[in-house]
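S.K.: Kindly return the folded structure for what I paste below:
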Amino acid sequence: MKRRPWFSFLVFLCLLSACKWRESELEGKFRITTTTNILADGVRMLVRDSAVVTPLMATGVDPHLYKASQRDLDLLFNADLVIFHGLHLEGKMTDVLDKFSRTNEVIDQGKLVPPDLLVTDPDFAGSVDPHIWFDVSLWNQALTAIADGLIEKKPAWKDYITKNLQDYQRSLDSLHLETESRIGALAEQGQVLITAHDAFSYFGRAYQIEVKGLQGLSTLSEPGLRDVSDLVGFIISHRIKAIFAEQSISPKALEAVVEGCRRRNHTVKLAGPLYTDSLGEPQGEAGTYIGMVRSNVNMIVENLKQDDTAH
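M.R.: Alright, predicted model coming up:
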């Protein structure tokens, strides 16, 4: 059926009206830009509807490899406040963020975490693990520090942010205890959490389970044949039943580990993916920080727990 010109014009007017309504809705609101959606979720729990919080990186993006686009620069310079993880999580954006911080309002979360609580890499001097959100109690502390930073920028929001923080902390405290109980049971069985890259050190420390990654702290490094061979030997000697892919990293290297185990007559399942450097889809079970942690814990427990009949 041939559409009349006025119909297309009406559709255009509706779209234009919707855009203008959206602009008017946001007009005058405090604008916060974060680097990752994990950080954006935490900040939203503090500011609720009093600010517009926009992450630079989309779902499933690896922050270690991410390069700033023109859109990102616009979001940075149009923001009233920029909040980023720091600790070199943002990899290739580190220089951009450093330069931006000299002349613009920022909160560098990494600088708010007490140094003695950070995990360092003994093989590389000065190298710090940025994945602090895998320890729920430490993430709680980091958000408390961010809340203090927000209050410093917006003193009029003090009571509002303080109440939001306290409400959210109750949920985080409950999540921490739940994770501690479920992962602790695996640790008592001698299970080991093996992933694509070394992102779970805080998780292992907090919940007392041994963790190993095929790659190092950053996904910029590539695992070699020796890394694969060593991990295959570890898996066989410890009778590991499952290893875990990650949402933002290609599973090819871990597939090589599974194949290496098969050639040595040991079957290991490639499970996952786990959510590491990004939340899941907004409407999915891992679309929030709490949902992401629960989804990961469920995946780990389901694939590593011993059968009731096992001896």
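
S.K.: Can you pull out the low-pLDDT segments for this structure?
M.R.: Counting by pLDDT under 70, the chain contains low-confidence ranges at 1-27, 122-125, 216-223, 307-311.

S.K.: For it, which segments count as strands?
M.R.: Along the chain, the stretches classed as strands by DSSP state E are 30-34, 51-55, 81-84, 106-108, 192-197, 210-215, 242-246, 269-274.

S.K.: CA-only coordinates of the first one in PDB, if you can.
M.R.: The C-alpha coordinates for strand 30-34 follow below in PDB (Å, rounded to 0.1, in the frame of the first residue of the first chain):
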ATOM      1  CA  PHE A  30      23.200  17.000  36.900                       C
ATOM      2  CA  ARG A  31      25.100  14.900  34.400                       C
ATOM      3  CA  ILE A  32      27.500  12.200  35.500                       C
ATOM      4  CA  THR A  33      29.600  10.200  33.100                       C
ATOM      5  CA  THR A  34      31.300   6.900  34.200                       C
END
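
S.K.: That strand: partners in the sheet, and parallel or antiparallel?
M.R.: strand 51-55 (parallel), strand 81-84 (parallel) (DSSP bridges).

S.K.: Return the set of buried residues in the first one.
M.R.: Counting neighbours by 16 or more other C-beta atoms under 10 Å, one finds that the buried residues in strand 51-55 are 51-53, 55. Any C-beta I mention is one placed from the backbone N, CA and C, and that applies to glycine too.

S.K.: same check, this time on stretch 152-161
M.R.: Of the residues in stretch 152-161, those buried (16+ other C-beta under 10 Å) are 154, 157, 160-161.

S.K.: now that stretch, how far from the centre of its chain.
M.R.: 26 Å (C-alpha atoms, centre = their mean, to the nearest Å).

S.K.: Tell me which other helices or strands the longest helix anywhere in the chain touches.
M.R.: When the chain is parsed with DSSP state H, its longest helix is helix 158-188. With contacts taken as 3 or more C-beta pairs under 8 Å, 6 or more residues apart in numbering; DSSP states H and E, helix 158-188 sits against helix 37-47, helix 136-153, helix 201-207, helix 289-304.

S.K.: One more pass at 10 Å, please.
M.R.: helix 37-47, helix 136-153, strand 192-197, helix 201-207, helix 289-304 (3 or more C-beta pairs under 10 Å, 6 or more residues apart in numbering; DSSP states H and E).

S.K.: Which neighbouring elements make contact with the second one?
M.R.: So the one you mean is helix 136-153. So helix 136-153, by 3+ C-beta pairs under 10 Å, 6+ apart, packs with strand 30-34, helix 37-47, strand 81-84, strand 106-108, helix 158-188, helix 201-207, helix 289-304.
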